[in-house]
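Undergrad: With the input below, show me the fold.
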Amino acid sequence: MKTKLIVTLLLLASPILISTSIAYAALDLKSFTPLNKPTDVVWTGDGLVASREGETSLVMISADGKALKPFASSFTATGEVHLAVSHGKAGFPSGYMYAVSGKTVYQIDSSGGEVKKFSTPSDKADISFLTFDNVGRWGYLLYAVSSDGLVWSINSDGKPNLVVSIGEGLPRGI
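TA: The predicted structure follows:
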């Protein structure tokens, strides 16, 4: 019975897998605009937004991958920028992006039209990484790791709370 179910599922999925393979094979990757040294790329629900090494602004990647256009033009950064997008839990607006620059976390509305300072978890160290708890085990909050090895939770009002010190040798992500 179990084998029959697996075979049936494979037969049902095979047209999707084959058509996906054909579509992927038909892509001409040479026609895509190069992103050049991305530090982060996130899906916003409407498209991809990226930060790039050595750049102080964000870009939106067109749906066909052939063009880059400015996104959230009033956002300017210092150093490496990391991004996280809210799924609309724990009071965070759905589709809003959070960007880290130095010690500050910025909130960017889904259109990129409004950028505001949101939180400064540590006045002593830059924020090295940012992510949301999308599973809910940690309250669906925004989490930041500072360069001094501290992990911070940040609520939807921008209030940071120290969670733990992970010490030296920072991970590249959470």
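
Undergrad: Can you show me the helices along this protein?
TA: Here the chain has its helices, by DSSP state H, at 2-26.

Undergrad: Show me the shaky parts of it.
TA: Applying pLDDT under 70 to the chain picks out residues 1-34, 168-174.

Undergrad: Just to check, residue 136 is in contact with residue 87?
TA: No - counting by C-beta atoms under 8 Å, residue 136 does not reach residue 87; the two are 10.2 Å apart. (Each C-beta comes from the backbone N, C-alpha and C, glycine too.)

Undergrad: Among the two, which residue is more densely surrounded?
TA: When residue 136 and residue 87 are compared for neighbours, residue 87 comes out ahead with 15 against 10, by other C-beta atoms under 10 Å.

Undergrad: pretty sure that one is touching residue 133, no?
TA: No - using C-beta under 8 Å, residue 87 is not in contact with residue 133, being 9.9 Å away.

Undergrad: mind checking how far residue 35 is from residue 101?
TA: Distance, residue 35 to residue 101, by C-beta to C-beta, to the nearest Å: 19 Å.

Undergrad: Kindly report the same for residue 165.
TA: Applying C-beta to C-beta to residue 165 and residue 101 gives a distance of 23 Å.

Undergrad: now do residue 87
TA: 22 Å.

Undergrad: Can you list the residue ranges for strands in this protein?
TA: Remark: strands assigned in the chain by DSSP state E are 38-43, 48-52, 58-61, 68-71, 82-85, 97-101, 104-108, 115-119, 127-132, 142-146, 150-154, 160-165.

Undergrad: What's the local residue count around the nearest residue to residue 152 once chain neighbours are set aside?
TA: The spatial neighbour of residue 152 that comes closest, neighbours along the chain excluded (C-beta to C-beta, 6 or more residues apart in numbering), is residue 121 at 3.9 Å. Neighbourhood size, residue 121 [other C-beta under 10 Å]: 27.
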